[in-house]
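Engineer: next come a sequence and a model predicted from it.
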Amino acid sequence: MHFVIYFCIIIVYLVLYLLLMDTKDTSQTNARLGGLISEIRQIRGLTQSEFARQLGTSQSAVNRIEKGKQNLSLDMLGRISEVLEKPLIAVGNQGVNLKIEGGRELSGEITLKTSKNAAVGLLCASLLNHGKTTFKNFPRIEEVFRIIEVLESIGVKVRWLPGNDLEIKRPVKLKMDQLDGKAARKTRSVLMMIGPLAKELSDFKIPYAGGCKLGERSVKPHLYGLEEFGVDIVAKDRYYHVQTNYQQPEHLVMYESGDTVTENVLMAAAYTQKTTLQFASANYMVQDVCGYLEALGVKIEGRGNTTMTIHGVKKQIKKDIVYAPAEDPIEAMFFVSTALTTNSEITIKRVPIDFMALELLKLEKMGARFTISKRYKAKNGFTDLVDVTVHKHDGQLKAPTGKVYSRPYPGLNMDNLPYFVPIAAVSRGRTLIHDWSFENRAIYYTELTKIGANIDLADRHRVYISGPTSFRAADLACPPALRPASLLLIGMMAAKGTSMLRNVYTINRGYEDIAKRLNSLGANIEVVHDL
């Protein structure tokens, strides 16, 4: 491990040397590197003194490093990389950096892609089917790739087809002892493999889950829900030991109305005679998992409600089915936020309106104007879609009355809440955003102050945003969480001049693709793989 780390450090050092040879300007290179170190240190939540203590040096030395006034030895570069848990420079194809020429007005149409959050749940649910599953127009994102790697490692045959369709065929017997732990630990979604395997397997292991760094998201609700089905989960060193004696609960009260928790329990209930879930999530990805289970023959009363009754199947499921997940409301909110922040008019096609209606209403009360088409059905047969045109506001947005906050569905979506931050920044007045569901996410919102936003952190859950803001270009390291990073991208598109968002590969969930799609609307975003 240490050899690999130091080999990477040597490569980084060589890159730095080549840069020095190109620029003949050591101080400029040190300043840029020091700025990156400072950005990543702050993202990690370390003070200069804490950082110095972990490096085994003085705070004054850290201050000189971050100001670019101290040359760095190979050993110091290695220690910095280890403490920050992040390479300082993207090398080869490991890194994705976005160069943004901002200040452009966008225009045109964009068609939403299928739901990313539904995709990972559906991949896990496919383990229930001993026949062939084909998912239509499936998103090609990092988390999907990681789950596919896990499935393939246990013997599942996965094949991409034209049109981004995905074909899945599982073996008669899964090779759980060969599960790819490295891929599994990169995504929390691997927890959703427990539910579909609860009846089939009596003893198996699942690695600890990873994901974005937004706070302490407990797995306890999964354990509480699954234990009603006779699932016993014991935390060991780096993995969960799962033992099952499959039970069929008649009634189950969800400890938490979480999306993945509900999906896990729904999949575990696929073979029960009759199980009623109370206080379940009715969110969009849960409804798509319900739609897939229904295609497999599971009967579900109350899809789209917080109380559902599941009538499972009696025999092993073996069907050849085709299922098309609905479009992504979070992507819809990203484009709405982009249009309003850059004062642009764009049309967003195939918007799941039931999961965007409250967001659009709140924005209308802030002065935003939309034209919304009549409803039509998604390819899953039950999700209502509309086309939404976002009109220019020409500086007429105003802060909302009362705070903006999220709730489990039905309510303002937790993943959509961050996209109100850049909108509030270009609105007149003071906006309070209360992000109660994650311990650290509101802290990341203050990253926008580095591109000109006026944001006061009240506590780790609440920020006050004063507008209107004139965003400015900047060169910044990417936060280690998806939504806060995308906020910087939106703000940089609104800022006149050239910005750089670095090391996006740490949360690579489709940024290269989103750059191409934004460029189709008139943005100027270049994906680069070097400093």
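Structural biologist: Sure thing, it's come through.
Engineer: just the CA trace of stretch 383-391, in PDB.
Structural biologist: In PDB, the C-alpha atoms belonging to stretch 383-391 read as follows (Å, rounded to 0.1, in the frame of the first residue of the first chain):
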ATOM      1  CA  THR A 383     -45.400   8.200 -13.800                       C
ATOM      2  CA  ASP A 384     -46.800  11.500 -15.000                       C
ATOM      3  CA  LEU A 385     -44.500  13.700 -17.100                       C
ATOM      4  CA  VAL A 386     -44.600  17.200 -18.400                       C
ATOM      5  CA  ASP A 387     -42.400  19.600 -20.400                       C
ATOM      6  CA  VAL A 388     -41.400  22.700 -18.500                       C
ATOM      7  CA  THR A 389     -40.100  25.900 -20.100                       C
ATOM      8  CA  VAL A 390     -38.200  28.100 -17.600                       C
ATOM      9  CA  HIS A 391     -38.500  31.800 -18.600                       C
END
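Engineer: which parts of that stretch are buried?
Structural biologist: In terms of neighbour count (16 or more other Cβ atoms under 10 Å), stretch 383-391 has its buried residues at Thr383, Asp384, Leu385, Val386, Asp387, Val388, Thr389, Val390. For glycine as for every other residue, the C-beta is placed from the backbone atoms N, C-alpha and C.
Engineer: could you do stretch 118-132 as well?
Structural biologist: Buried-residue list, stretch 118-132, by 16+ other Cβ under 10 Å: 118-129, 132.
Engineer: now intersect the buried residues of stretch 383-391 with the strands, please.
Structural biologist: Under the assignment DSSP state E, the buried residues of stretch 383-391 contribute Asp384, Leu385, Val386, Asp387, Val388, Thr389, Val390 to strands.
Engineer: just send the residues you listed back as TSV, with distance to Glu447 too.
Structural biologist: Below are these laid out as TSV (distance: Cβ to Cβ, whole Å):
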residue	distance to Glu447
Asp384	35
Leu385	33
Val386	32
Asp387	32
Val388	28
Thr389	30
Val390	24
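Engineer: closest one of the residues you listed to Leu84?
Structural biologist: Closest to Leu84 out of these is Val390 (38.3 Å), distances taken as Cβ to Cβ.
Engineer: show me what that closest one is bridged to.
Structural biologist: Taking DSSP bridges as the rule, Val390 bridges to Ile346, Phe370.
Engineer: ok so Leu501 is a strand residue?
Structural biologist: Yes - per DSSP: H, G, I helix; E, B strand; the rest coil, Leu501 lies within a strand segment.
Engineer: doesn't Pro484 make contact with it?
Structural biologist: No - if you go by Cβ atoms under 8 Å, Leu501 and Pro484 don't touch, sitting 11.3 Å apart.
Engineer: backbone dihedrals for Leu488, both of them.
Structural biologist: phi -60, psi -40 (degrees, to the nearest 10).
Engineer: tell me the contacts of it?
Structural biologist: Leu488 is in contact with Glu447, Leu448, Ile451, Leu476, Cys478, Pro479, Leu501, counting by Cβ atoms under 8 Å, 6 or more residues apart in numbering.
Engineer: for the first one, give me its contacts.
Structural biologist: In this structure, Glu447 makes contact with Ile43, Leu476, Pro479, Pro484, Leu487, Leu488, judged by Cβ under 8 Å, 6+ apart.
Engineer: that older thread, wait, which of the buried residues of stretch 118-132 is closest to Thr272?
Structural biologist: Nearest to Thr272, judged by Cβ to Cβ, of these is Leu128 at 12.7 Å.
Engineer: and the least confident of the contacts of Leu488?
Structural biologist: When the contacts of Leu488 are compared by pLDDT, Pro479 scores lowest at 77.
Engineer: where exactly do the strands run in the stretch 301-450 of the chain?
Structural biologist: 308-311, 321-323, 345-352, 370-372, 376-377, 384-390, 404-405, 429-434 (DSSP state E, counting those that start in this stretch).
Engineer: in the last one, what counts as buried?
Structural biologist: Using 16+ other Cβ under 10 Å as the test for burial, strand 429-434 gives Thr431, Leu432, Ile433, His434.
Engineer: right, and the third one touches Leu417 too?
Structural biologist: Yes - with contact defined as Cβ under 8 Å, Ile433 and Leu417 form a contacting pair (6.9 Å).
Engineer: common neighbours of those two, please.
Structural biologist: Residues within reach of Ile433 and of Leu417 at once, by Cβ under 8 Å, 6+ apart, are Val404, Tyr405.
Engineer: what lies in contact with whatever helix or strand Ser49 lives in?
Structural biologist: Ser49 belongs to helix 48-55 when assigned by DSSP states H and E. The contact list for helix 48-55, computed with Cβ under 8 Å, 6+ apart, reads Arg41, Leu46, Ser58, Gln59, Ala61, Val62, Asn63, Glu66, Met76, Arg79, Ile80, Val83.
Engineer: now do the SS call for the fifth one.
Structural biologist: This means Ala61. Under three-state DSSP, the three-state class of Ala61 is helix.
Engineer: residue contacts, it?
Structural biologist: Counting by Cβ under 8 Å, 6+ apart, Ala61 has contacts Ala52, Gln70.
Engineer: any stretches of the stretch 1-150 of the chain with poor pLDDT?
Structural biologist: Applying pLDDT under 70 to the stretch 1-150 of the chain picks out residues 1-29, 32, 39, 43-45, 72-75, 77-78, 82, 85-95.
Engineer: and the helices in it?
Structural biologist: Taking DSSP state H, counting those that start in this stretch to define them, one finds helices in the stretch 1-150 of the chain at 2-23, 26-43, 48-55, 59-66, 74-84, 116-125, 142-153.
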